[in-house]
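Q: Sequence first, predicted model second:
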Amino acid sequence: MAVPAQLHSIIFSFILLLLSLFDTSLSQPQTPSPAPAPPPPSDSCNGIFLSYNYTGGHALPPTDPTNQAYRFESTLTVLNNGRHELKSWRAFVGFQHQELLVSASNAVLADGSSFPAEVGNGTVLAGFPISDLKSAVETAGDRAQMEVRVGLVGTQFGVGAPDVPMPLNISLVNDGYSCLNATNEGNNVMHACCIQDDLNSDSNNGVNDEFLARQEGDLVIMYDVIRTYSDNYLSQVSISIHNPLGRLDKWQLSFDWMREEFIYAMRGAYPYVVDTTDCIFGRQGQHYKEMDFSQVLNCERRPTIVDLPPTRANDSILGRIPFCCRNGTILPPLMDPSKSISSFNMQVYKMPPDLNRTELVPPQNWKIKGTMNPEYECGSPIRVTPSQFPDPSGLPSATASIASWQVVCNITQSKQAVPRCCVSYSAFFNDSAIPCNTCACGCNSNPSQTCSATEPALLLRPDALLIPFENRTAEALSWADIKRRSVPNPLPCGDNCGVSINWHLLSDHKDGWTARITLFNWGDSSFEDWFAAVQLDKAVPGFEEVYTFNGSKLLGSNNTLFMQGRPGLNYLLAETDGAKPKKDPRVPGTQQSVISFKKKSTPGIEVAAGDGFPTKVLFNGEECALPTRLPSKAPMVSGRSSVFGFLTLALLLLMQ
C-alpha cells in the first residue's frame, strides 16, 4: 500500500530533527569525569604509620610581643600497617617551640613525668590505656584495633597565625624499627613510615608473642599482681639495682593512679602521707558506702611511698615481707647482692567500670629518688611474662603472678641537676690545697648575700679543709697574706656541699706513686655502707692496693676504682661538735686511705702533670663536682710549711 504523501513528509521531518539533535550533541564539549582521589599516605606504608596533624590554636594572655604564648591543639595518629602486633608503642614528637604539654588522650609521657610537662626539646609518648596495636592480619582490617589517636593540647611560644608550630620530626622509638624521614603535607600535617629492621628477629613482636621480653636497665621496678578479686587486688612491688655504681638511700617512690584506684593496706612500706580526703569527698566514697575509710591508707592520685625501718621487719601487720624494711637503702649488687633489692605489698581497690577480676591496670608515671644518689628516669610499664616466686610453703615449686609489668629506670644527668658532693685537690709539690669550686653544689639565691658566686675559691693550707666553710675565713685570709695573693671583695661563696672528697697526690717516684683520698661528711646524717668510685683515665691498669678501705678495679672497667668501708668501718659519721663546742668549730665525719700504683703497666704516665688526678668521682652513685684547675708545680714558700700542713691534716684525721 502506498504511503500517503503527508505521512511521508512527517516521517522525513522527524528524521531530520533527530539528525540535527545528534549533530548538536557531538559539537558540544564533554565534561570530563573527575579524577580519582589519590590514596592516603598511610596506604603506601607497610609498617607503622605516624601522622601529626596541627588542628588549631590561639593567643593566650598575657600579651607579650617578645615571647607570646599560644594554645595549640594537634592529633598524633599511630597506625599499624605491618604484619605483626606492635606492643607497648612509643612515639617521639620533636617539639621545638618551648612547648608545655598540658594533656594527651590515650597516652602518657614515657619518661614518667606528669602533666603539665615541659617538652620543648621533644618528648616520647607511650600508649595508655591502648598500649598494643594489632595488625590487619589479626583483625581482618579492623582499624579500631590497629590505630590510636592521641589528642594533644598544650602551650607553645612565639609561633602565631598564619605560621604553624609544627614539630621538627616524628618517629617510632620501639626497638627493631627504623623510620624514614618525616615528610610534610601542606603546612599542618607531618607523617612518617617506620619499618621493622628484621622480620625474623626476636624483636618482631610476632602474633604468637603474648608478652614483651624483659629489658635491662640501671634500676628495674616490677609490678606483680599476685591475687585478684572483683573489686580489689594484691600487688607486689620490687625495686632492684643493676648498675654497679647505682644506689638508693631513703628511697621515695611515686606514681599516678589512672583509674581512681586507692591503697587500702600495705606491708613492707608505707605512704609518706596517710590521706583519705580524696576518697571521702570523691567517687570512691560514693561507691564504697559501707567502707570504713579510717582504715584506708591513701587516696591521693599520686601517692609517695617510703620504706620502713629495720625495726618493722618482723611486724605482724606491716612487715614480714622479703627484702623489706631497710630504711630505704638499696645497694649495688657489687657491694651486697642480698641488699640490692627492696619490695613491698599493696592492697589496691578499683572503681567502676573495672570491677572484675581480669581488669588490671598498673599505675603510670613512675618516679624514684634518694637522698644523695644518682637521678633515675623511668619508662612506662610494659607487660611481661608473669614473675615466678618461691612457693611460700617451702615446696620445691614456684608460684606465678597473675600479671606482671616491668618499669625500667636508667641513670640520667639533667642539665638542671645540682651536685651534692664535691672534690678538692692537693699535691706534695704544692703547699696549697685547691678547695671545692665556689657554689659547686649551688648557691644561696638571696640577693642580700655578701659573697660572690663567680669568684674562684681561695686556696687554703691543707689542714684548713677540716674546718667548716663558715669558719674558714680567717684561715683563708691568713694564707692569702702569707702567699701574697690578692683577695676579692666580696669573698667567694662556699661550695654548699654535704659531702666533700680530697684527692691528695702523696708521692711520685720512678717505679710508682701514691695518692690519699679523704671523705668529709658535713651533714647531720651518717652514711652507712658508703662507697666511692674514682675514674682515672690512664692510671688504673697500674693499681696496686687500697690500704684502709676495701678497694678494687670496677668489674668490666679499665679506668675506675671502687672503694667501700671495711666491716665495722663502713660508717661515714655525721658532723659533730668540736672538743669545746663554745670555742671550736664543728668537726666533719671523715674516712681516709692511701692508694698505691705501679708504673710498669702504665708507661708514659705523667702523674704530676694531671694523670694522677681523677676525671670523675662518685659518692654513693652521685657524681661530684671537680675543681676546674690542678695544683701547679710553682715554688713553695717553704718545705717546712708544706710538710707541716699535710702532716697536721693527717694527724687530725687519725685522731677522729
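A: That came through fine. On a predicted model such as this, the values are computed, not experimentally measured, just so you know.
Q: When you work out contacts or count neighbours from here on, use the C-alpha atoms and nothing else.
A: Fine.
Q: How many residues are close by the residue lying closest to Leu234 once chain neighbours are set aside?
A: Leaving aside its sequence neighbours, Leu234 sits nearest to Gln347 (CA to CA, 6 or more residues apart in numbering; 4.5 Å). Using other CA atoms under 10 Å, the number of residues around Gln347 comes to 20.
Q: Shouldn't Gln347 be within a strand?
A: Yes - under DSSP: H, G, I helix; E, B strand; the rest coil, Gln347 sits within a strand.
Q: burial of Ser44, as a residue count?
A: Counted with other CA under 10 Å, the neighbours of Ser44 add up to 11.
Q: Thought Leu245 was touching Leu219, still the case?
A: No - using CA atoms under 8 Å, Leu219 is not in contact with Leu245; the gap is 10.9 Å.
Q: what about the nearest residue to Pro435 once chain neighbours are set aside, distance to Gly282?
A: In space, and not counting its chain neighbours, Pro435 is closest to Ser424: 4.5 Å by CA to CA, 6+ apart. Separation of Ser424 from Gly282 (CA to CA, to the nearest Å): 55 Å.
Q: Please apply the same query to Ser526.
A: In terms of CA to CA, Ser526 sits 43 Å off from Gly282.
Q: thinking again about what came up before, for the residue nearest to Pro435, give the beta-bridge partners.
A: On the basis of DSSP bridges, Ser424 is bridged to Asn502.
Q: now the strands for the stretch 51-200 of the chain?
A: 69-80, 90-93, 100-104, 107-109, 117-118, 123-127, 147-157, 170-172, 177-179, 183-185, 189-196 (DSSP state E, counting those that start in this stretch).
Q: Next, the contact list for Ile317, please.
A: By CA atoms under 8 Å, 6 or more residues apart in numbering, Ile317 lies in contact with Arg267.
Q: Distance check, it against Phe344.
A: As defined by CA to CA, Ile317 lies at a distance of 12 Å from Phe344.
Q: cool, Ser525 as well?
A: In terms of CA to CA, Ser525 sits 25 Å off from Phe344.
Q: One more: Arg472?
A: Counting by CA to CA, the gap from Arg472 to Phe344 is 46 Å.
Q: and if you look at Leu458?
A: 49 Å.
Q: same deal with Met563?
A: From Met563 to Phe344 the distance is 30 Å (CA to CA).
Q: For these two, indicate the residue with more neighbours.
A: Between Met563 and Phe344, counting by other CA under 10 Å, Phe344 is the more crowded of the two (26 against 22).
Q: Pull the number of nearby residues for the closest residue to Cys409 other than its chain neighbours.
A: The shortest distance from Cys409 to any non-neighbouring residue, by CA to CA, 6+ apart, is to Cys378 (3.9 Å). Number of residues near Cys378 (other CA under 10 Å) recorded here: 25.
Q: again with the one 4 residues further on
A: Ile382 is flanked by 24 other residues according to other CA under 10 Å.
Q: Ok, the one 3 residues further on next?
A: By other CA under 10 Å, 18 other residues sit near Thr385.
Q: ok, now Leu618?
A: As a measure of burial, Leu618 has 22 neighbours, counting by other CA under 10 Å.
Q: Quick check: it touching Trp530?
A: No - applying CA under 8 Å, one finds Leu618 not in contact with Trp530, separated by 10.8 Å.
Q: Ile517 is in contact with Asn502, correct?
A: Yes - counting by CA under 8 Å, Ile517 is a contact partner of Asn502 at 5.7 Å.
Q: neighbour-wise, which of the two wins?
A: More neighbours surround Asn502 than the other of Asn502 and Ile517, with 22 against 19 (other CA under 10 Å).
Q: follow-up on the earlier one: thought the residue nearest to Leu234 was touching Ser235?
A: Yes - counting by CA under 8 Å, Gln347 does reach Ser235; the two are 6.5 Å apart.
Q: circling back to that earlier point, in terms of pLDDT, where does the residue nearest to Pro435 sit?
A: At Ser424, the pLDDT value in this model is 97.
Q: and the gap between it and Phe520?
A: For Ser424, the distance to Phe520 - CA to CA - is 11 Å.
Q: same check, this time on Phe619
A: 11 Å.
Q: Same question for Arg283.
A: Arg283 is 52 Å from Phe520, by CA to CA.
Q: got it, and Asn444?
A: 22 Å.
Q: Next: Asn496.
A: Taken as CA to CA, the span from Asn496 to Phe520 is 13 Å.
Q: hang on, the earlier thing: who touches both of Ile317 and Phe344?
A: What both Ile317 and Phe344 touch, as defined by CA under 8 Å, 6+ apart, is the set Arg267.
Q: what number of residues lie near Asp431?
A: As a burial measure, Asp431 scores 29 neighbours (other CA under 10 Å).
Q: Let me fix that, I meant to ask about Ser240.
A: Neighbours around Ser240, by other CA under 10 Å: 24.
Q: which helices and strands does whichever strand or helix holds it pack with?
A: Using DSSP states H and E, Ser240 falls within strand 232-241. For strand 232-241, the packing partners by 3 or more CA pairs under 8 Å, 6 or more residues apart in numbering; DSSP states H and E come out as strand 219-228, strand 341-349.
Q: Name the residue in Asn444 and Phe520 with the higher neighbour count.
A: Using other CA under 10 Å as the criterion, Asn444 and Phe520 rank with Phe520 on top: 24 against 13.
Q: Now that one: closest residue in space, sequence neighbours ignored.
A: In space, Phe520 is closest to Thr590, 4.7 Å off (CA to CA, 6+ apart).
Q: ok, Ser103 - contacts?
A: Applying CA under 8 Å, 6+ apart, the residues near Ser103 are Phe115, Pro116, Gly151, Leu152, Val153, Gly154.
Q: how near is the third one to Gln295?
A: In other words, Gly151. Gly151 is 39 Å from Gln295, by CA to CA.
Q: Pull the contacting residues for the residue lying closest to Asp142 once chain neighbours are set aside.
A: Counting by CA to CA, 6+ apart, Asp142 lies nearest to Ala136, which is 6.5 Å off, once chain neighbours are set aside. Applying CA under 8 Å, 6+ apart to Ala136 gives the contacts Asn80, Asn81, Gly82, Arg83, Asp142, Arg143, Met146.
Q: quick one: contacts of the helix or strand hosting Arg383?
A: Using DSSP H and E, Arg383 sits in strand 382-384. For strand 382-384, the external contacting residues (CA under 8 Å, 6+ apart) are Ser88, Phe211, Leu212, Ala213, Arg214, Ala403, Ser404, Trp405, Gln406, Val407.
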